[in-house]
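Q: turn this into a structure:
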Amino acid sequence: MSLRIAGRALGLVLLGMGLSHCKGDPDVPDAGVEPDAGWDAGSPVQTVMRDAFLVDVDAWQRRLIAVELDGGTVVHELASGETRRIAPPVQSGSFTSDGGVLVLASAPQEGLGSAWLWRPGDAEASVMGTRVWGRVAVKEGAAPYVAFVERTADGGADLSRVFPSECDGRACQVETVAQVEAGSAYEPGLLTGERFLWMKLDTRGWAFDTELGALAEAGGDRSCLLGISPSGNRFARLTSEQHVQVYETLTQTLLWDVAVPPSDLGVWRFEFFDEDTVIVGRSAPVGQLPPDQGSYSCTSRGCTWMGSTVCEPRTVRGGTVLSCAALDCFGNRCTMSYKLMRQPGEVFSSVGSLIDHAPAVSDDLTTAVWMTYELREHLGTRTLSWHRTPYVRPLTFPKQINTNVFDFVPGQQRFVFVNPKADADGGVENVLSAWDETGVEALGVVEGYPSRAIIRMEPPMLYLNGTRQQADGGISTVLQRFAL
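A: You can find the predicted model right below:
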């Protein structure tokens with residue numbers, strides 16, 4: 001899990017109507033891939049489960065995890081269709097990349113929740129903790145483990161670690177690697193690297209050296225902001241004198257120190273973009289018009305002004321990009337503008353309108369798809385635009401549409417979204433569609449209002465929940481699988 005703050009999606013999703021052009025029959029699973037026994041090769045759409053909410057699907061599409069409306073958390077074997085309960089209801093869960101470990105977390109109550117670990121073959125998930133504070137982090141690769149923070153009865157915080165091999169289907173052996181004062185209303189952040197396990201609370205941070213079994217504190221000065229590099233091997237401080245100082249985690253040796261140009265603006269964001277670049281975002285107090293804001297890109301060579309825009313690193317499937325937003329005001333009229341950069345200063349996509357959703361970015365970081373709208377003209381109209389050479393005519397919709405599916409097919413220049421279309425009865429049906437440089441292809445009809453979606457490859461599939469409101473006020477759900 002990263003300490004990065006996820007990009008913010010703007011607005012609510014409502015059901016709308018639009019037009020599409022179909023370019024041929026929907027795809028079926030690749031001929032070179034043998035579908036599992038639960039897949040009907042003659043149909044591009046399959047109903048997997050009903051009255052269940054999707055949690056996760058392993059990368060090899062062997063197992064699906066869901067929470068049943070009238071039960072607990074279940075594992076559904078995709079080949080056989082067998083379903084069995086493994087834990088109480090959870091809020092979230094994810095498989096490791098090899099599918100060998102599943103980590104589950106409950107919805108927090110008064111800020112604390114429970115966490116479980118399950119492995120294929122276990123009758124039930126093993127309890128890791130019942131006072132978990134914040135999110136759980138997973139270290140994969142060599143010497144894998146799961147890390148989390150538990151609040152103690154005296155108000156402290158335990159940084160804990162679990163090795164999957166030390167769980168027996170009921171409980172796990174928990175190793176407490178550090179005990180610190182909590183002293184914060186904000187949830188801790190965790191970051192796992194190949195050597196270091198980081199815990200961050202406000203401006204303080206602790207790095208646990210998994211090789212030496214030693215704990216070191218970084219930051220310390222409560223007037224400083226603390227950032228941690230993606231690998232965890234470096235950390236940075238922004239001092240009260242507005243200097244960016246980057247240190248090596250192992251020895252805490254100062255690697256470089258540069259001054260941010262003086263300003264009356266407060267620091268809104270401070271974090272690594274990569275191992276050698278720190279982004280400093282500044283802005284005036286909320287409500288000040290016109291807004292005063294800007295960002296610097298700082299390296300060992302100094303800090304470079306990136307313009308009157310606030311930028312934040314955003315991790316996408318193909319790497320990391322900078323997502324930048326600016327509010328430009330002239331008199332009492334203000335407009336938003338957004339940019340995506342592959343590197344500081346290297347813009348590859350931008351729009352000058354309001355957006356409903358963070359843009360989708362292709363794996364090769366060359367293409368972006370935006371959903372935009374204007375406040376002054378064509379009120380309510382949405383435009384879905386494809387940013388890549390050659391020019392692709394945008395799609396327009398008279399209303400805001402569902403954006404719960406809004407992504408590229410991994411490794412492809414094909415964007416998947418929900419395309420609302422008028423049906424024969426004068427209503428609207430949600431059509432899962434793929435859009436590329438040649439047109440829009442209908443993949444199948446979604447049953448109900450689309451919500452959680454997961455894309456998996458080998459073969460390319462999208463798993464999607466649809467929800468319907470019942471006459472008695474309850475809800476029903478259907479979990480479908482679409483061939484991409």
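
Q: from here on, contacts and neighbour counts on C-alpha atoms
A: Will do.

Q: what is the rounded mean pLDDT of stretch 331-341?
A: Across stretch 331-341, the average pLDDT comes to 86.

Q: so which residues make contact with it?
A: Stretch 331-341 is contacted from outside by 290, 321-329, 347-354, using Cα atoms under 8 Å, 6 or more residues apart in numbering.

Q: among these, name the ones in strands.
A: 321-329, 347-351, 354 (DSSP state E).

Q: low-scoring stretches of this protein, by residue?
A: The chain contains residues with pLDDT under 70 at 1-42, 185, 219-223, 284-291, 377-378.

Q: how about the helices in the chain?
A: With DSSP state H as the criterion, the chain has no helices.

Q: show me what V351 bridges to in the sheet.
A: Note on V351: beta-bridge partners Y338, judged by DSSP bridges.

Q: burial count for it?
A: With neighbours defined by other Cα atoms under 10 Å, the count for V351 comes to 17.

Q: and what of I475?
A: Neighbours around I475, by other Cα under 10 Å: 12.

Q: measure the closest residue to it other than its chain neighbours to F53 for me?
A: In this structure, I475 finds its nearest non-sequential neighbour in Q469, 4.6 Å apart by Cα to Cα, 6 or more residues apart in numbering. Q469 sits 15 Å away from F53, going by Cα to Cα, to the nearest Å.

Q: higher neighbour count, those two?
A: The residue with more neighbours, out of Q469 and F53, is F53; 24 against 12, by other Cα under 10 Å.

Q: what's near enough to touch the more buried one?
A: Contacts of F53 (Cα under 8 Å, 6+ apart): 66-69, 465, 477, 479.

Q: mind giving me the PyMOL command for buried ones among the residues you listed?
A: Those of these that count as buried under 16 or more other Cα atoms under 10 Å are selected in PyMOL with:
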select buried, resi 66+67+68+465+477+479
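
Q: I'd like the contacts of F53 laid out as CSV, including distance to D423.
A: Below are these laid out as CSV (distance: Cα to Cα, whole Å):
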residue, distance to D423
A66, 30
V67, 31
E68, 30
L69, 29
N465, 21
T477, 21
L479, 22
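
Q: the contacts of F53 in strands, which ones?
A: 66-68, 465, 477, 479.

Q: out of the contacts of stretch 331-341, which end up buried?
A: Neighbour counting over these (16+ other Cα under 10 Å) leaves 321-328, 348-354 as the buried ones.

Q: state the pair within those that is farthest apart.
A: Spatial extent of these (Cα to Cα) is set by the pair V321 and D328 at 22.4 Å.

Q: what's the first-to-last distance across stretch 372-391?
A: Taking Cα to Cα as the measure, stretch 372-391 stretches 17 Å from start to finish.

Q: just how off-centre is that stretch within its chain?
A: For stretch 372-391, the separation from the chain centroid amounts to 24 Å (computed by Cα atoms, centre = their mean, to the nearest Å).

Q: can you check stretch 273-283 too?
A: On Cα atoms, centre = their mean, the centre of stretch 273-283 falls 20 Å from that of its chain.

Q: equivalent analysis for stretch 455-471, please.
A: On Cα atoms, centre = their mean, the centre of stretch 455-471 falls 18 Å from the chain's centre.

Q: in that stretch, what's buried?
A: 455-456, 459-467.

Q: wait, doesn't A87 sit right on T73?
A: Yes - counting by Cα atoms under 8 Å, A87 touches T73, with 5.1 Å between them.

Q: that older thread, max pairwise distance over the ones in strands among the contacts of stretch 331-341: which two?
A: V321 and C329 (26.1 Å).

Q: which ones are touching A142?
A: Contacts of A142 (Cα under 8 Å, 6+ apart): E194.

Q: and K139, by the same measure?
A: K139 touches 145-147, 192-194, counting by Cα under 8 Å, 6+ apart.

Q: which one is G345 nearest to, not counting chain neighbours?
A: Once flanking residues are discounted, G345 sits nearest to M306: 6.4 Å by Cα to Cα, 6+ apart.

Q: how close does the one you found sit to F235?
A: Going from M306 to F235 by Cα to Cα gives 22 Å.

Q: what about these two, which has more around it?
A: F235 (27 against 18).

Q: spit out the contact partners of the more buried one.
A: Going by Cα under 8 Å, 6+ apart, F235 touches 218, 226-229, 246-249.

Q: do the same with T249
A: 207, 232-235.

Q: could you dump those into TSV with distance to W198 added?
A: Shown next, in TSV, are the contacts of T249 (distance: Cα to Cα, whole Å):
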residue	distance to W198
A207	5
G232	7
N233	10
R234	11
F235	10
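
Q: and of those residues, the nearest to Q46?
A: Distances from Q46 to those, taken by Cα to Cα, are shortest for G232, at 42.2 Å.

Q: the nearest residue to that closest one once chain neighbours are set aside: neighbour count?
A: Leaving aside its sequence neighbours, G232 sits nearest to G193 (Cα to Cα, 6+ apart; 5.4 Å). Residues contacting G193 under the criterion other Cα under 10 Å number 19.

Q: hang on, the earlier thing: wait, the residue nearest to G345 sits on P344?
A: Yes - between M306 and P344 there is a contact under Cα under 8 Å: 7.2 Å.

Q: what touches both of these two?
A: With Cα under 8 Å, 6+ apart, M306 and P344 have common neighbours S297.

Q: what's opposite the spatially closest residue to A218 that is not a sequence neighbour in the beta bridge?
A: Excluding the flanking residues, the one nearest A218 by Cα to Cα, 6+ apart is G205, at 5.2 Å. Taking DSSP bridges, one finds K200, A218 as the beta-bridge partners of G205.

Q: distance of G205 from E217?
A: Between G205 and E217 the computed distance is 6 Å (Cα to Cα).

Q: circling back to that earlier point, ok, the residue nearest to I475 touching V478?
A: No - contact criterion Cα under 8 Å: Q469 and V478 do not qualify, at 12.0 Å.

Q: tell me who's in contact with P89.
A: Here P89 is in contact with 67-68, 71-73, 106 (Cα under 8 Å, 6+ apart).

Q: count of residues packed around the nearest residue to V280 once chain neighbours are set aside?
A: In space, and not counting its chain neighbours, V280 is closest to F270: 4.7 Å by Cα to Cα, 6+ apart. F270 has 24 neighbouring residues, counting by other Cα under 10 Å.

Q: what sits against F270?
A: Applying Cα under 8 Å, 6+ apart, the residues contacting F270 are 225-227, 238, 278-281.

Q: same thing with F196?
A: Contacts of F196 (Cα under 8 Å, 6+ apart): 207-210, 232-233.

Q: just the buried subset of these, written out for PyMOL, thanks.
A: In PyMOL, a selection of the buried entries from the contacts of F196 looks like this (16+ other Cα under 10 Å):
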select buried, resi 207+208+209+232+233
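
Q: quick one: which of the contacts of F196 is nearest S114?
A: F208 (23.1 Å).

Q: L365 against L322, yeah?
A: No - between L365 and L322 there is no contact under Cα under 8 Å: 11.2 Å.

Q: correct me, but V103 touches S94?
A: Yes - V103 is in contact with S94 according to Cα under 8 Å; the separation is 5.6 Å.
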